[in-house]
Structures are given as C-alpha cells and as structure tokens.
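> for reference, the sequence and a predicted model appear below.
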Amino acid sequence: MLENAHLEQLHAIAGPKGATQDGALIAPHLREWRDKFNGQTPLMLMPQNTKTAAKLIAYCHAHHIAVVPQGGNTGLVGGGIPGLKGRNEVLFSTRRMTDTCLVDADDFSITASAGCNVAILQAAAAEHELLFPLSLASEGSCTLGGVVSTNAGGIHVLRYGTTRALTLGVEAVLPTGAVINELTALRKNNTGYNLSQLLIGAEGTLGIITKATFKLFPKEAQKHTCLLAVGSPEQALKLLTSARRASGDRVSAFELMPRIGLDFVLRHIPGTSDPLGVPYPWYVLTEIATSKPDPALKADISSWLETELESGNILDGAVATSLKQADNFWKLRESMSEAQKIEGGSIKHDIAVPVSRVPVFLEKATRAVQNFSPEARLVAFGHLGDGNIHFNVMQPADGDKNAFLSTWEEMNALVHDVVMEFGGSISAEHGIGTLKKEELSRLKPAAELDAMKAIKAALDPHNIMNPGCLFT
C-alpha cells in the first residue's frame, strides 16, 4: 500500500522536481488519447536520469509498490495508465529523461534517452545526412522509451523493420532497481541471452527503458510519393508486388485507405481536399525512395505506373510534384484516426496477417462484422506493405455511441477469431496493455503464455512493474 511515509521517501529520492502529487499536473497523464481509459494515482515520479530512476525502483521493489511506466502517453491499449480498476499504483514518467541524444555517423547509430521523442531523433540524424526511419503519426509526442517498450511499427516497416529491428541495445532499470547497460552499436554479439530484445515490446512489465541505441541509414536523397486509386484490396496487393519488382525493392511505404475513411478526413480535418476529384473505392499511398539520386528510378516508376494503368490495376492516380503535395497526401493518411474520433464511436482492431492474406482477411472479417452489426461502418486502413491493418468498426451513422461501444468485447472476439484463422496477430504495433489481456489469455497458446509468465516472475518476483498489463 502507498502510505504517507512511502510518498515522503519517494519524494526525497526523486528530488525537488522529480515527483509531484499535484492533481492538476498529473491529470493529463491519466487519460488516454481516445478516452477509453481514465486512471488515478497519488504520485507521479519524474526522474531526470538513470541513477535516480534506479533508486526509485529499488525502493518500490523493497516495499512492494506497484509502478506504471509512461512515455509520451500516446498509447491506445491502456498500458501506460495507472490506477485502472482500483489498483493502487505510482505513475513513472520518463519525459524528463532527455539528456542524451548522440549520433555516431561513422557507425550509423544514435543513442538517446527515453524521454526524447521520435521527431528529435529524426532531426538529429538528419543533421548528419542520415535517416532514423521510424515514422508514426504521433512522432512529435511519442517517446523513445515508449516506442521501444511497445515495439512500435509505423509506415516504414516494409523496408526498415519495426523498432525491434532498429534497436541495437538498451539501458534499463529492472524491477529490483538493478541497471543493465547494453548501449552498444555492435551488430554481432553472441554472448548469451539478448536482454535488450527481451525488454523490447514488454510494455514496461520487465523494467523501464532509460536509453537506447538505434540503427541509422543513409538519408533518402530521392523520393517519389504516389497516391493511386484502386478498385479493391486485391488490386492493391498486386500493385505492392509489382512496385517492389519495378523499383528494385525500394518501396519504403505502402498504405491502404478506404473511401469511407477518406470521406471522414475530408469532412472533419481542415486543410484537406479530395486528391483526385473523383471518388474511388480504395486508395494506395506509396513512397519509393533511394539514398543515392538515380535518374533511372523516375523512368522505372513512370513505366510501372503506365503498365498498371493499362492493366486496370490502377484506376487513377497522382504523383507528388512537390514536398507540399506529398505532405498533403500523407496528411490524408495520418488524419484517419483523428477523423474517426470526431465522427463517432469506433471499435479498434490493430491486427496483422500475412501480407498475401490481407484481401481475403478483409473480406471474411467484414462479413463477420456485418452479420453482427449490419449498420456498422467499416474503416480498414493501414500498412498493407507489412500486413498490419487497423480494422476499425464505426458506429452506425445514426446509432447510439455508448450502446455501440458496449459491444467492444464481442466485436473484438469475432474479429480476432478471423485473425487467428489466418495465422495473424491481435496486436501488430499498439501492444496488449490492459485492453487486450483477456484476448491474449484466450488466444495465445498455453506454452507460450507460461513461458512469458515465468520470465515475468523471475525478473519481477513482487509483480510491481505494470502489474495490470499483459496478463489476466
């Protein structure tokens, strides 16, 4: 329990600016972006460095005080919200941990503190003509510690991989207060268990990420952004295959968008316009890029577009002729979640299936939803290039929002059952958090769950690290 004596001791360890009980300061950290989760806590810890963080966690371990780590609070599954369902937990914010952001240009790596947001890392890399390829709609807010802890994905996974693939090593405070430091730019290191990889995607249940080292890449010197209209996801998949071949596998992003999602953006997001003027059933937003200027690439793309237009795979399209036009195309894609929030209640599914199975999954999952809720509106969009689809189900146009959202668990179950039929994942990039832990328990094979729980028990014997996350 959090007694007054504990609060006083934690204040003393954290220092003058390292902790607060001010409700007004804590309040923004207790509500998730889409308002599904609202928490509570008597104390927010805000250490500025790893040494202080370790002392705080060691004290919490000794006194069995539960801790919920939080980065930029851009999560969508309740994994960083303390005090849910009456739990008594301390909030541990890493936002003040921003002292390190160092680029090693010769080694193509960057090391940064947990509180640095993704945009800061992108800018630091760009100063050295390098690329930090992780790119998300929330990149100005989501922090390094959060993206590592959730193994964030984004739009460039197709070419550069998830956060797990980009991370070379981490520094982290374990649940006992011990610190592991694997901040290394080594590409090869076969010296036993890879503890960094164990912590990536653990959602703060095995420790708190305090720093990380990532891979960098040569800056993309030539980029072609295309917005293409297609008649179906099947046609979009054919385009993905042909684009990779025609470009010499230089496709860095390949996003699928339905017309209904675009309609919501045009209706609710200022400064947006219909890119082609005529409505089409589906759209593909793709970027093809190279780190070395290649005059032949433009000709290859033109030839590819011409061939696909003649075959009927592309119904219409536009190639951005300026950075501003490219940004306008991306604004349509990146505003889809915001527009849905304004439009009404939406039941989310952050799923993944093998890329080749996306069209047939969409067909079967859509039928399942329509049988369950005939008037619901389907908004399936996302990263076709890596098989991650945000299969969102909007409330009926004139329906009752609360009544619709009350079916969340039933809707999740029927969609997730279809996902499993295709060998997919019920969480592609947002994590399990509090939202999906019952579904994880229902669908994850027992042997895998038992192994995960054994690791948790070994590293966190008092179950203080984010105890409401992952496991029922």
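Alright, I've got the coordinates. Residues are numbered from 1 along each chain as shown.

> quick check: end-to-end length of stretch 253-264?
Terminal residues of stretch 253-264 lie 22 Å apart, using CA to CA, to the nearest Å.

> residues in contact with it?
Under the criterion CB atoms under 8 Å, 6 or more residues apart in numbering, residues 155-156, 158-159, 233, 236, 240, 243, 274, 279-287, 332-333, 336, 339-340, 342-343, 358, 377-385, 389 lie in contact with stretch 253-264. Bear in mind the C-beta positions are built from the backbone N, C-alpha and C, glycine included.

> likewise stretch 122-142?
Contact with stretch 122-142 is made by 71-74, 101, 103, 105, 108, 110, 112, 117-119, 121, 147, 152-156, 159-160, 163, 166, 214, 216-220, 252, 291, 334, 337, as judged by CB under 8 Å, 6+ apart.

> which of these count as buried?
Buried residues within those, counting neighbours by 16 or more other CB atoms under 10 Å: 71-74, 101, 103, 108, 110, 112, 117-119, 121, 147, 152-156, 159-160, 163, 166, 214, 216-217, 220, 252, 334, 337.

> one step back: keep only those of the contacts of stretch 122-142 that are in helices.
Counting by DSSP state H, those place 118-119, 121, 147, 159-160, 163, 166, 334, 337 in helices.

> tell me how far the residue nearest the centre of the chain lies from residue 391.
What sits nearest the mean C-alpha location of the chain, by CA atoms, centre = their mean, is residue 152, with 3.8 Å. Separation of residue 152 from residue 391 (CB to CB, to the nearest Å) stands at 19 Å.

> give me the low-pLDDT residue ranges for this protein?
The chain contains residues with pLDDT under 70 at 1.

> in it, which helix is the longest?
The chain, longest helix under DSSP H: helix 295-311.

> buried stuff in it?
Quick answer for helix 295-311 (16+ other CB under 10 Å): 297, 300-301, 304-305, 308.

> same check on stretch 327-344?
The neighbour-count check on stretch 327-344 (16+ other CB under 10 Å) flags 328-330, 332-340, 343-344 as buried.

> repeat for stretch 444-462
449, 452, 456, 459-460, 462.

> and residue 149, how many residues sit next to it?
Look at residue 149: counted by other CB atoms under 10 Å, it has 34 neighbours.

> isn't it right up against residue 196?
No - using CB atoms under 8 Å, residue 149 makes no contact with residue 196, being 11.9 Å away.

> quick one, helices of the stretch 151-300 of the chain?
157-160, 163-166, 195-199, 233-246, 259-268, 295-311 (DSSP state H, counting those that start in this stretch).

> element containing residue 381, please.
Taking DSSP states H and E as the criterion, residue 381 maps to strand 377-383.

> ok, and the closest non-adjacent residue to the residue nearest to the centre of the chain?
Nearest non-adjacent residue to residue 152, counting by CB to CB, 6 or more residues apart in numbering: residue 163, 4.9 Å away.

> and the one you found, what does it touch?
134, 147-148, 150-153, 200.

> run the last query once more with 7 Å
Applying CB atoms under 7 Å, 6 or more residues apart in numbering to residue 163 gives the contacts 134, 147-148, 151-152, 200.

> closest one of these to residue 190?
Closest approach between those and residue 190, by CB to CB: residue 200, at 18.0 Å.

> quick check: the gap between that closest one and residue 169.
Taking CB to CB as the measure, residue 200 falls 10 Å from residue 169.

> any buried residues in the strand holding residue 381, and which?
Applying a neighbour-count criterion of 16+ other CB under 10 Å, one finds 377-383 buried in strand 377-383.

> between the residues you listed, which sits nearest residue 184?
residue 383 (29.6 Å).

> before we move on, back to that, with residue 58 as the reference, name the closest of the helices of the stretch 151-300 of the chain.
Comparing the helices of the stretch 151-300 of the chain under CB to CB, the one sitting nearest is helix 195-199, at 17.7 Å.

> tell me the buried residues in the closest one?
195-196, 198-199.

> tell me what it is packed against?
If contacts are counted by 3 or more CB pairs under 7 Å, 6 or more residues apart in numbering; DSSP states H and E, helix 195-199 sits against strand 167-173.

> and residue 161, how many neighbours?
Neighbours of residue 161 using other CB under 10 Å come to 16.

> let me fix that, I meant to ask about residue 222.
For residue 222, using other CB under 10 Å, the count is 15.

> I'd assumed residue 293 was in contact with it.
Yes - at 5.0 Å, residue 222 and residue 293 qualify as touching, with contact defined as CB atoms under 7 Å.

> nearest to residue 373, of the contacts of residue 163?
Ranked by distance to residue 373 (CB to CB), the contacts of residue 163 are led by residue 152 at 30.2 Å.

> now do the contacts for that closest one.
Neighbours of residue 152 in contact, by CB under 7 Å, 6+ apart: 134, 136, 163, 429.

> domain parsing for the chain?
Listed by automatic domain parsing, the domain ranges of the chain are 4-93, 101-218, 222-337, 344-428.

> could those domains be laid out in a markdown table, adding distance to residue 438?
A markdown table is the format used below for the domains of the chain (distance: least, CB to CB, whole Å):
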| stretch | distance to residue 438 |
| --- | --- |
| domain 4-93 | 12 |
| domain 101-218 | 15 |
| domain 222-337 | 24 |
| domain 344-428 | 8 |
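
> out of the ones you listed, which gets nearest to residue 434?
For residue 434, the closest of the domains of the chain is domain 4-93, at 3.5 Å, according to CB to CB.

> measure the closest one end to end?
20 Å.

> from the middle of its chain, how far away would it be?
Averaging C-alpha positions (CA atoms, centre = their mean, to the nearest Å) puts domain 4-93 22 Å from its chain's average.

> also stretch 410-421?
Distance, centroid of stretch 410-421 to centroid of chain: 20 Å (CA atoms, centre = their mean).

> got a list of contacts for it?
Residues from elsewhere that reach stretch 410-421 (CB under 7 Å, 6+ apart): 347, 349, 351, 353, 361, 364-365, 368-369, 372, 391, 393, 426, 439, 443.

> and residue 426, what does it touch?
Residue 426 makes contacts with 351, 416, 419, 436, 439, 443, as judged by CB under 7 Å, 6+ apart.

> so which of the residues you listed sit within strands?
Under the assignment DSSP state E, the contacts of residue 426 contribute residue 351 to strands.

> all set now, cheers.
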